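Visitor: 3D model of this:
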Amino acid sequence: MAGAGGGAAGDRVLVGEITLPGVRRSVGFARSFVRARAPDAPGLDDMIMAVSELVANAITHTASGREGGRVTVVLTAGGGMYRLEVEDGGGADGRPHVRDEVGAETGRGMRIVAALASSWGFRRDGARTVVWAEFPGDGSGPGP
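Guide: Modelled structure (predicted):
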């Protein structure tokens, strides 16, 4: 379900944040970041797949993929949920959405995120876009 909201930020704690260059190899670094920050999360595999898709989308479809571009990954926890956010460099007037066409070679990223996440959405932050996805978990934050 896409939208601008997605729960109260005040009841979540920061698990970790990383800013990466807008290049393809950053997708692997984003996966490693999530794996390291939430190793015991029950939905870890789903979170890793989602961060892969979201970072790849940011690099492919926004200014994050241009020279000097950056993408930021934020992981928070609280209220029995993990929340993954990917902030991109902004793009044209497009917005993150699930494409209707299921047989295309590309365009499946948001469909995958929507299928794996309990909920997802986006918000604008100036020219930038933050796409978020929530996953079940104890949501208590990072382990020892």
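
Visitor: From now on I want contacts and neighbour counts done on CA atoms only, so please keep to that.
Guide: Fine.

Visitor: And the helices in this protein?
Guide: In the chain, the helices defined using DSSP state H lie at 26-37, 44-61, 109-116.

Visitor: Let me have the ones you listed in JSON lines, adding mean neighbour count as columns.
Guide: Formatted as JSON lines, these follow (neighbours: other Cα atoms under 10 Å):
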{"stretch": "helix 26-37", "mean neighbour count": "18"}
{"stretch": "helix 44-61", "mean neighbour count": "22"}
{"stretch": "helix 109-116", "mean neighbour count": "18"}
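
Visitor: Would you mind giving the ones you listed as CSV with distance to V131 and mean pLDDT added?
Guide: Output for the helices of the chain, formatted as CSV (distance: least, Cα to Cα, whole Å; pLDDT from 0 to 100):
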stretch, distance to V131, mean pLDDT
helix 26-37, 14, 98
helix 44-61, 8, 94
helix 109-116, 10, 84
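
Visitor: which one of the ones you listed lies closest to V130?
Guide: helix 44-61 (9.6 Å; Cα to Cα).

Visitor: Identify the residues contacting R24.
Guide: 56, 59 (Cα atoms under 8 Å, 6 or more residues apart in numbering).

Visitor: If you could redo that for W132, that was the one I meant.
Guide: Counted by Cα under 8 Å, 6+ apart, W132 has contacts 6, 83-86, 120-122.

Visitor: Quick check: beta-bridge partners of it?
Guide: Here W132 sits in beta bridges with E85, G121, as judged by DSSP bridges.

Visitor: that older thread, check the contacts of W132 and tell me the two furthest apart.
Guide: G6 and V86 (13.9 Å).

Visitor: Show me what the one helix or strand in the chain whose mean pLDDT sits lowest packs onto, helices and strands only.
Guide: None of the helices or strands of the chain scores lower by mean pLDDT, DSSP states H and E than helix 109-116, at a mean of 84. Helix 109-116 sits against helix 44-61, with contacts defined as 3 or more Cα pairs under 8 Å, 6 or more residues apart in numbering; DSSP states H and E.
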